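Asks: Sequence and computational prediction follow.
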There are 4 protein chains.
Amino acid sequence: MIKAGVVGGTGYTGVELLRLLAQHPQVELVAITSRAEAGTRVADMYPNLRRRVDLCFSDPASARLDACDVVFFATPNGVAMQQAPALLDAGVRVIDLAADYRITDIAEWEKWYGMRHASPEWVARAVYGLPEVNRAAIAGARLVANPGCYPTAVQLGFAPLVESGVIDLAHLVADAKSGVSGAGRKAEVSSLFAEASDNFKAYGVPGHRHLPEIRQGLGRMAQQPVGLTFVPHLTPLIRGIHATLYARVDQEADFQALFEARYAGEPFVDVLPAGSHPETRSVRAANVCRIAVHRPQGGDTLVVLSVIDNLVKGAAGQAVQNMNIMFGFPETEGLCQLPVLP
Amino acid sequence: MIKAGVVGGTGYTGVELLRLLAQHPQVELVAITSRAEAGTRVADMYPNLRRRVDLCFSDPASARLDACDVVFFATPNGVAMQQAPALLDAGVRVIDLAADYRITDIAEWEKWYGMRHASPEWVARAVYGLPEVNRAAIAGARLVANPGCYPTAVQLGFAPLVESGVIDLAHLVADAKSGVSGAGRKAEVSSLFAEASDNFKAYGVPGHRHLPEIRQGLGRMAQQPVGLTFVPHLTPLIRGIHATLYARVDQEADFQALFEARYAGEPFVDVLPAGSHPETRSVRAANVCRIAVHRPQGGDTLVVLSVIDNLVKGAAGQAVQNMNIMFGFPETEGLCQLPVLP
Amino acid sequence: MIKAGVVGGTGYTGVELLRLLAQHPQVELVAITSRAEAGTRVADMYPNLRRRVDLCFSDPASARLDACDVVFFATPNGVAMQQAPALLDAGVRVIDLAADYRITDIAEWEKWYGMRHASPEWVARAVYGLPEVNRAAIAGARLVANPGCYPTAVQLGFAPLVESGVIDLAHLVADAKSGVSGAGRKAEVSSLFAEASDNFKAYGVPGHRHLPEIRQGLGRMAQQPVGLTFVPHLTPLIRGIHATLYARVDQEADFQALFEARYAGEPFVDVLPAGSHPETRSVRAANVCRIAVHRPQGGDTLVVLSVIDNLVKGAAGQAVQNMNIMFGFPETEGLCQLPVLP
Amino acid sequence: MIKAGVVGGTGYTGVELLRLLAQHPQVELVAITSRAEAGTRVADMYPNLRRRVDLCFSDPASARLDACDVVFFATPNGVAMQQAPALLDAGVRVIDLAADYRITDIAEWEKWYGMRHASPEWVARAVYGLPEVNRAAIAGARLVANPGCYPTAVQLGFAPLVESGVIDLAHLVADAKSGVSGAGRKAEVSSLFAEASDNFKAYGVPGHRHLPEIRQGLGRMAQQPVGLTFVPHLTPLIRGIHATLYARVDQEADFQALFEARYAGEPFVDVLPAGSHPETRSVRAANVCRIAVHRPQGGDTLVVLSVIDNLVKGAAGQAVQNMNIMFGFPETEGLCQLPVLP
């Protein structure tokens, strides 16, 4: 049993973390902080947790997070970089679900996130928490930068192709579609039901913060810079990301076999049989990425389809997976819930 | 006033045609046929038409369609090719909303549609009904092949680039998303609410019937064959198509100006200001295509966003637009309804 | 042609008013005010109005609303009561889509709305704008209090029974369900897509502001107080209200005939054949109320089903209907759009 | 470990049973039958079960169901009554998720279900599987008739009032709303996304098959016949039932305390604090019923709000709960998944 704390548990990644941690046999949940909601019972805000999570939100100032073994930051960007260093110095392991430690190039991060980094010295020591790519480093990490939702779906979909050098790396296209929970539990007009329901749109085409994160990840796999066009879209789902990836073949290969070999043994990546079309609902509420690879009409363009639940494999589930690796638990511990379909 | 008939008015394109024709000041709706529903009042099947459309479905055998000035086929593929020639010979103008006359290469058509063409002699005489590309020919047509929904959104989005020769024509990508009404009013498990709601998936990646239609259209614009990867997706909307188009720049140009010039004066194509992201709901229930063109990060890949209502500009509305052109009515007659938002 | 102004056109009833007024042949739209959005083009906020509505939002201070023939208040509660009197004194007719003038008993109004009434002298002079009940008074009104959405659906459903005295008036039950646009275009967590989608709940069971309005309306019809239990629910629709009404039979009658006779000749109330179940989509985007009356199992309880589009017959459409009556236009002028289905 | 079989596992209650049984520590799933899908891998039809359920559908004729300890019928009405007796005679315990054994009055059952009962001798021996009302009998049952979804929500909501005799039993009203999965995985036009989405309607107002089941259950609680008006509605949810119940107070009581006392100790019924409004999503994918009781405006009408997931507490979850009771497992075994929100 380890003691876990959550900073900023009022958003959707926060409640999803609570749902998973409350069912994890090795975790005692000891503190959930929220300045705005201090004193409120967690289950009053999230009635799905009634009779299962008895904690109240506590004020960050008074919560004894430094007595935890691990602290998750489910906060807006810019909070963990302020508060994590003190916890790290106290020996607590930290998993940041926000973007503070994802981008190694600090100037690049500051440009995209529009703020000055408060703990640049920790950026280089943070480990990017994509287990299927980075498992060994995660095991020894004190600070894990949990990947973004789009970056998880896109990197897992491209990895076998990029690592093996069989495609044109200069002109990758990632056309990604996200459910509305990806925008968080923020009161914004654009996320209202009457705006987002029965509607579909692209957004952030000129530039989205997940672009540099994906580019960095694919670049590391390729050991060279990659060219990427990334277009996110908002689709009327609560949960789910569907990434449709396009790449030009540079070198012939059995692409189906390539994917199957790359992910053999991975507990949370499922390569579908040739000809399949994964659905977002097939991973709903579960820590799974399902992938299919196509070569339409036998042409020179590959199409990879990659789906995740943005709140689970794209956020809270992946964070728990990272925690399991960091603490030597079986990687699937607490993450075996079957997807909910229909 | 012209007399209009509709063959097969029980599907979604059928009811949408009825909605538009019932509000058209120059049209008298005289017959709607359906073998299965003969005798049923149209308004009993479609209660939105109560007290406005008094017709009953009539049996195709007894309906005097040859007394119409124009007959619309809102039937499954393979019906118009059987029944249209007799009407055409009787001097009736025909607009086919299905695919029977869309593909000039009959062998190609037979391969994709899996049947033998019943009136190949009419294929060459049919005019492809995309007014923004083919207006003059439509004006003189006896038989119009109304374009598919995806082909409308994709061709209007690519046309300015393809016609002007500024992009690499060998590697076009069209990532398209459609609402569920595109699958028609057929009792199929995959279109059930509990299957299609809160879910997103690609389909038909190995090959979709709209691929050869789009390729033919773009090829004509380019006056050479084009290479196209086309991936359709199902998204939980009732109505709406969003096409996200990717093309490599071959020749520098002011792309925003190119689009604005190409569609200046078009009543039903709206080029949005630079930086815009069109939403499907901005065209809901109206005969409009809205388009935005982007060049993300100043790179060499253009991204065009094109939205239509699949039942209106992608089907029934475009059919009425074609009718207006064929009969010399103002092109916008009966098509001025404002989109419904929210 | 009359000149019309809209105060507060940024909400959903505002944009719906603009959609209807822009298509009304007798109306010139001259001003739309919004303090927060002054200077913004209306079509930039509501892209469905692009190329059809050229106005910008103007500052209320500078807009010459007193030069209008009619001004609509599509504002939050409490605005019209401040600003309408000056316009009324200038001879402008006013239609308030908010609640300021709906409740005759000022103390009751102040209790439910939690503010002091700023122009109580106008409350008695205001006419409650439910045309099917109050047509003659509306024709001569200077100030019309446009009914709430729930009150429209519930009153039209109960009216034939209450007016004819055939039911127990002490124990009426109205179980009403509304789409999310009824909550307005306000950035509130409870209206987010990820909260309201795939979810159903009651709200305001202890007391909702539409309760006294409905009770007042039914009481006038009955010429005695009525007892009413009113339970509103939030359902994942953009538009639509479905009221399910329960009443105990006190006196035998042919209830179907009673409803048909009561609404014979009403252009916007459609009594369905016996045994019908009206759907909200059958009135989507149109100014219609459809009603069915049932007597399940031949028992002593009647069930009335009443549907409207909350933004049209429940708000903006009814406001235009009232304007037509006030200015002697045909009552259906500008309101003949067919409902959009699917 | 017990051996379990499922007859007819291709519908939504079937896949939900599989999801729950696959995670149940005491159950070995040995056979799933489907005549139509014999030979198909279960996970090919339900991709959420990939890598977790390895079974294929087997032909009912060849499946050795008589070697099971328990067999669930997740079949259409009329199948279990044919096939269950042979299994029962072989000593297998049977839980029927359909309606075959729910109604004790066989003539009544035959009237509502429109067929002749094939094993009337088993009707009297079947135990109605609502654990909160019938726990002791279930423990000793060989054949359990698992309640319908509406009957579960409505009976649990009314039980404390009906059992204690504090309300007028002659005029109960149950206004119930169901998600579309309640209609099953059948290819029917009325359940299509484009029909059921963004739409709300009542159905079956003249009479619904769950009416006699609810009346029977409430009558047993009351030990006298009850009068009930039951109106079901279809709402655009995948999962969830919300029952809004109306009852006239006959005798004063502390109704909140009455509900809390009645359900104290119940693991799967959660009485919310006074003033609450339960949401269907608060029970999504979990075996819970949440209830709130209101007395609006202090009047003489009580309003009870009761929510369940129709596929879990309204079907498969309740079936597993019954199995736990029948086999002496802890009642919550395998049913502790937290609801999925958002």
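Replies: Received, thanks. Residues are numbered from 1 along each chain as shown, chains lettered A, B, ... in the order given.
Asks: Up against chain C, what does chain A have?
Replies: Taking Cβ under 8 Å from any Cβ of the partner chain as the contact definition, chain A meets chain C at A:12, A:179-181, A:183, A:185-189, A:191-198, A:236, A:238. Glycine gets a C-beta too; all of them are placed from N, C-alpha and C.
Asks: Just the buried ones from those residues?
Replies: Applying 16 or more other Cβ atoms under 10 Å in any protein chain shown to those, the neighbour count classes A:12, A:179-181, A:183, A:185, A:191-198, A:236, A:238 as buried.
Asks: among the residues you listed, which are in helices?
Replies: In this view, these that belong to helices under DSSP state H are A:Tyr12, A:Phe193, A:Ala194, A:Glu195, A:Ala196.
Asks: C:Leu49: which of those is nearest?
Replies: When those are ranked by distance to C:Leu49 (Cβ to Cβ), A:Glu195 comes first, at 15.6 Å.
Asks: from the residues of chain A next to chain C, which are also near chain D?
Replies: Restricting the residues of chain A next to chain C to those within reach of chain D (Cβ under 8 Å from any Cβ) leaves A:Tyr12, A:Ser181, A:Arg185, A:Ser197, A:Asp198, A:Ile238.
Asks: thought the fourth one was touching C:Ser191?
Replies: No: checked against Cβ atoms under 8 Å, the pair A:Ser197 and C:Ser191 is beyond contact range at 10.7 Å.
Asks: intersection of neighbour lists for the two?
Replies: Residues touching both A:Ser197 and C:Ser191 (Cβ atoms under 8 Å, 6 or more residues apart in numbering or on different chains): C:Val180.
Asks: Could you pull up the mean pLDDT of stretch A:316-335?
Replies: Per-residue pLDDT over stretch A:316-335 has a mean of 98.
Asks: Which residue is the nearest non-sequential neighbour of A:Leu302?
Replies: A:Ala247 (4.9 Å; Cβ to Cβ, 6 or more residues apart in numbering or on different chains).
Asks: ah, wrong one, I meant A:Val288
Replies: Setting aside the residues directly before and after it, A:Val288 is nearest to A:Phe268 in space (Cβ to Cβ, 6+ apart), at 5.5 Å.
Asks: What residues does the stretch 1-150 of chain A have near chain B?
Replies: So the stretch 1-150 of chain A never meets chain B (Cβ under 8 Å from any Cβ).
Asks: show me where the stretch 1-150 of chain A has helices.
Replies: A:12-22, A:42-45, A:80-89, A:106-113, A:120-123, A:131-139, A:149-164 (DSSP state H, counting those that start in this stretch).
Asks: Can you tell me which of the ones you listed is nearest to D:Asp96?
Replies: helix A:12-22 (32.5 Å).
Asks: what's the closest one packed up against?
Replies: Judged by 3 or more Cβ pairs under 8 Å, 6 or more residues apart in numbering or on different chains; DSSP states H and E, the packing partners of helix A:12-22 are strand A:2-7, strand A:27-33, helix A:317-326.
Asks: Contacts only, for A:Glu266.
Replies: So A:Glu266 contacts A:Glu132 (Cβ under 8 Å, 6+ apart).
Asks: Just list whatever residues bridge to A:Thr301.
Replies: In this entry, A:Thr301 is beta-bridged to A:Arg248, by DSSP bridges.
Asks: does A:Val231 count as helix, strand or coil?
Replies: Of the three states, A:Val231 takes strand according to DSSP: H, G, I helix; E, B strand; the rest coil.
Asks: Tell me how far it lies from B:Leu245.
Replies: According to Cβ to Cβ, to the nearest Å, A:Val231 stands 10 Å off from B:Leu245.
Asks: and for the two, which residues touch both?
Replies: Overlap of the contact sets of A:Val231 and B:Leu245 (by Cβ under 8 Å, 6+ apart) consists of B:Val303.
Asks: okay, now the closest residue to A:Leu29 other than its chain neighbours: neighbour count?
Replies: Take A:Leu29 and drop its neighbours on the chain: the residue closest to it by Cβ to Cβ, 6+ apart is A:Leu21, 5.2 Å away. When neighbours are counted by other Cβ atoms under 10 Å in any protein chain shown, A:Leu21 registers 25.
Asks: Make sure A:Leu21 is actually in contact with A:Val30.
Replies: No: taking Cβ under 8 Å as the definition, A:Leu21 is not a contact partner of A:Val30, at 10.3 Å.
Asks: Common neighbours of the two, please.
Replies: Common neighbours of A:Leu21 and A:Val30, counting by Cβ under 8 Å, 6+ apart, are A:Ala4.
Asks: which ones are touching the nearest residue in space to A:Cys68 that is not next to it in sequence?
Replies: If the residues on either side of it in the chain are set aside, A:Cys68 comes closest to A:Gly5, at 4.1 Å by Cβ to Cβ, 6+ apart. Residues near A:Gly5 by Cβ under 8 Å, 6+ apart: A:Leu29, A:Val30, A:Ala31, A:Ile32, A:Thr33, A:Ala63, A:Leu65, A:Cys68, A:Val70, A:Val71, A:Phe72.
Asks: Across the sheet, point out what pairs with the fourth one.
Replies: It refers to A:Ile32. Counting by DSSP bridges, A:Ile32 is bridged to A:Val6, A:Phe57.
Asks: residue contacts, it?
Replies: A:Gly5, A:Val6, A:Gly9, A:Gly14, A:Leu18, A:Val42, A:Leu55, A:Cys56, A:Phe57, A:Ser58.
Asks: got CSV for the contacts of A:Gly5, with pLDDT too?
Replies: Compiled in CSV, the contacts of A:Gly5 are given as follows (pLDDT from 0 to 100):
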residue, pLDDT
A:Leu29, 95
A:Val30, 95
A:Ala31, 94
A:Ile32, 94
A:Thr33, 94
A:Ala63, 86
A:Leu65, 96
A:Cys68, 97
A:Val70, 98
A:Val71, 98
A:Phe72, 98
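Asks: where does A:Thr332 fall, helix, sheet strand or coil?
Replies: coil.
Asks: nearest residue to it other than its sequence neighbours?
Replies: A:Thr332's closest residue in space is A:Pro267 (Cβ to Cβ, 6+ apart), at 5.1 Å.
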